[in-house]
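Asks: build me a model:
(2 chains)
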There are 2 protein chains.
Amino acid sequence: MSKEKKENAIYIGKKGTMNYCLVVVTIFNKGEKECVIRARGRSISKAVDVAEISTRKFLPEIIDIADVKIGSEELEGEHGLKTVSTIDIVLKRKATKK
Amino acid sequence: MSKEKKENAIYIGKKGTMNYCLVVVTIFNKGEKECVIRARGRSISKAVDVAEISTRKFLPEIIDIADVKIGSEELEGEHGLKTVSTIDIVLKRKATKK
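Replies: The predicted model follows:
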């Protein structure tokens, strides 16, 4: 839990896109410098939507997409192990203007 | 068309994941150094699957994921303009061992 707290990870699941955007906005309104949007499998498209909408519509002056990483994970499925794709999108607060 | 040819873009649509993986394998078997996997909206998850499967299962010794970029595009929809998220995944041939 301390690790999650430290990096402000948002795990994308079955809720609506705007729910997750609101979490992003809330995190940065609390003054945090960074958060990571994480998703697996079919939720990856939604993760990209959340990152794009948060960055372009809600906080365009405040945050940027700093990094995007894709990867794979082994998950225990109904029929044994299966590999799912993952995405991590790092959002960062822009450097403050002087 | 000359631009597409130059960058070996693969546009992810409704075909099965393995169809696109086969295109990736074919491109690199022809000796190309790079290709870009592109997708919009719901196909983004499939694009990540194609990149991961091509890189980890089919050509692990030969290619790497060099870059991942996400963005947005305005599309003419049934009810006027709508914004869709996009992804570009760049696959590159690894440097040859000496």
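Asks: which residue, other than its chain neighbours, is closest to residue A:27?
Replies: Nearest in space to residue A:27, with sequence neighbours left out and distances taken as Cβ to Cβ, 6 or more residues apart in numbering or on different chains, is residue A:35 at 4.9 Å. Glycine gets a C-beta too; all of them are placed from N, C-alpha and C.
Asks: that neighbour: which element?
Replies: Secondary structure from DSSP states H and E places residue A:35 in strand A:34-40.
Asks: state the distance from the residue nearest to residue A:27 to residue B:37.
Replies: Distance, residue A:35 to residue B:37, by Cβ to Cβ, to the nearest Å: 26 Å.
Asks: quick one: which of those two has more around it?
Replies: A count of neighbours by other Cβ atoms under 10 Å in any protein chain shown puts residue B:37 above the other of residue A:35 and residue B:37, at 27 against 22.
Asks: got a pLDDT number for that one?
Replies: Residue B:37 is assigned 98 on the pLDDT scale.
Asks: can you map out the strands along chain A?
Replies: Secondary structure of chain A by DSSP state E: the strands cover A:9-11, A:34-40, A:63-77, A:80-93.
Asks: what would those look like in JSON lines with distance to residue B:19?
Replies: JSON lines is the format used below for those (distance: least, Cβ to Cβ, whole Å):
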{"stretch": "strand A:9-11", "distance to residue B:19": "30"}
{"stretch": "strand A:34-40", "distance to residue B:19": "22"}
{"stretch": "strand A:63-77", "distance to residue B:19": "19"}
{"stretch": "strand A:80-93", "distance to residue B:19": "17"}
